[in-house]
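Q: Need a 3D model of the sequence below.
(chains A, B, C and D)
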There are 2 protein chains.
Amino acid sequence: MPRSRVSAETVLHALGDPTRRAMVERLSRGPLTVSRLAAPLNITLTAVVQHLQILEASGLVHTEKLGRVRTCRLETSGLTVLEQWIHDRRSLWERRLDRLGDLLAEEQE
Amino acid sequence: MPRSRVSAETVLHALGDPTRRAMVERLSRGPLTVSRLAAPLNITLTAVVQHLQILEASGLVHTEKLGRVRTCRLETSGLTVLEQWIHDRRSLWERRLDRLGDLLAEEQE
DNA sequence: CTAATACTGAAGTATAGACTTCACTATTGG
DNA sequence: CCAATAGTGAAGTCTATACTTCAGTATTAG
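A: Now for the predicted structure:
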């Protein structure tokens, strides 16, 4: 069964931004409402919500709205996808045969 | 002993760009010269070198110049730093006590 | 020695995307 | 019911950075 529909591409793009990293950092300590999450960041609530959309799409954060309050919590599936990505690159690298063949093949061009 | 001087911040920033991800992807299959690495990317050699500088600073890639040819290879230390970062966030998240105390403390403001 | 190769460096352009403003809706406390 | 709270959505600004051009150096093949 496919555990997740999000790609490592999406996760890495999401974590490429320092503000979003700060948000993930903060949420890894525990769930927060949007306003609480926004408070220490010196940007508008609107900007925070925009970042949240990207974090949600990447599987790093899950949000849920109850009444007028949206609560955000870290979702580990984004981290799992990233872990797998690292593992794959590492395997490829370790199994590389210092592909002399490829180098020679590419030679004529 | 500090295994690495590079931060997860640097690594995540480096991997935030799709071109740099493509370069890492390619290098995980084995070492390449700058020109070879650049060939399939539709950008100038100069741009590739600029990306390489960021990848090197992040500990994801090591390059070495022999004569006029610079060879690039994946450096796993960048990946290790990232793996550790994921592990840390995950631990924090799993040990969170759904900090009701914090929520109440932040209440007055 | 000359030409071609493989980069390097400085300096400018151009665009993705982070951020803002502002007007709006939905919920809740008093 | 009214005001305050909590967030939403559209549309535009503005800046970091990805990318280019061009002119240069060092190395190597013939």
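Q: List the residues that contact the residue of chain A found nearest DNA strand D.
A: Closest approach of chain A to DNA strand D (C-beta to the nearest atom of the strand) occurs at residue A:35, with a separation of 2.9 Å. Quick note: C-beta positions are derived from backbone N, CA and C, even for glycine. Contacts for residue A:35 (C-beta atoms under 8 Å, 6 or more residues apart in numbering or on different chains) come out as residue A:45.
Q: Secondary structure element for it, which one?
A: For residue A:35, the host element (DSSP states H and E) is helix A:34-38.
Q: Distance of the residue of chain A closest to DNA strand D relative to residue A:70?
A: 9 Å (C-beta to C-beta, to the nearest Å).
Q: for residue A:88, same thing?
A: For residue A:88 relative to residue A:70 (C-beta to C-beta), the value is 34 Å.
Q: Rounded mean pLDDT for stretch A:55-73, please.
A: Here stretch A:55-73 scores 95 as its mean pLDDT.
Q: The residue nearest to residue A:96 when sequence neighbours are not counted: neighbouring residues, count only.
A: Leaving out its chain neighbours, the residue that sits closest to residue A:96 by C-beta to C-beta, 6 or more residues apart in numbering or on different chains is residue B:30, at 4.3 Å. Neighbour count of residue B:30, defined by other C-beta atoms under 10 Å in any protein chain shown: 19.
Q: Quick check: residue B:30 touching residue A:95?
A: No - contact criterion C-beta atoms under 8 Å: residue B:30 and residue A:95 do not qualify, at 9.7 Å.
Q: Determine the number of other residues adjacent to residue A:24.
A: The tally of other residues near residue A:24 (other C-beta under 10 Å) stands at 22.
Q: Spit out the contact partners of it.
A: Here residue A:24 is in contact with A:15, A:55, A:60-61, A:74, B:89 (C-beta under 8 Å, 6+ apart).
Q: For the longest helix along chain A, buried residues please.
A: Ranked by number of residues, the top helix in chain A under DSSP state H is helix A:76-95. Buried positions in helix A:76-95, judged by neighbour count with 16 or more other C-beta atoms under 10 Å in any protein chain shown: A:76-83, A:85-86, A:89-90, A:93.
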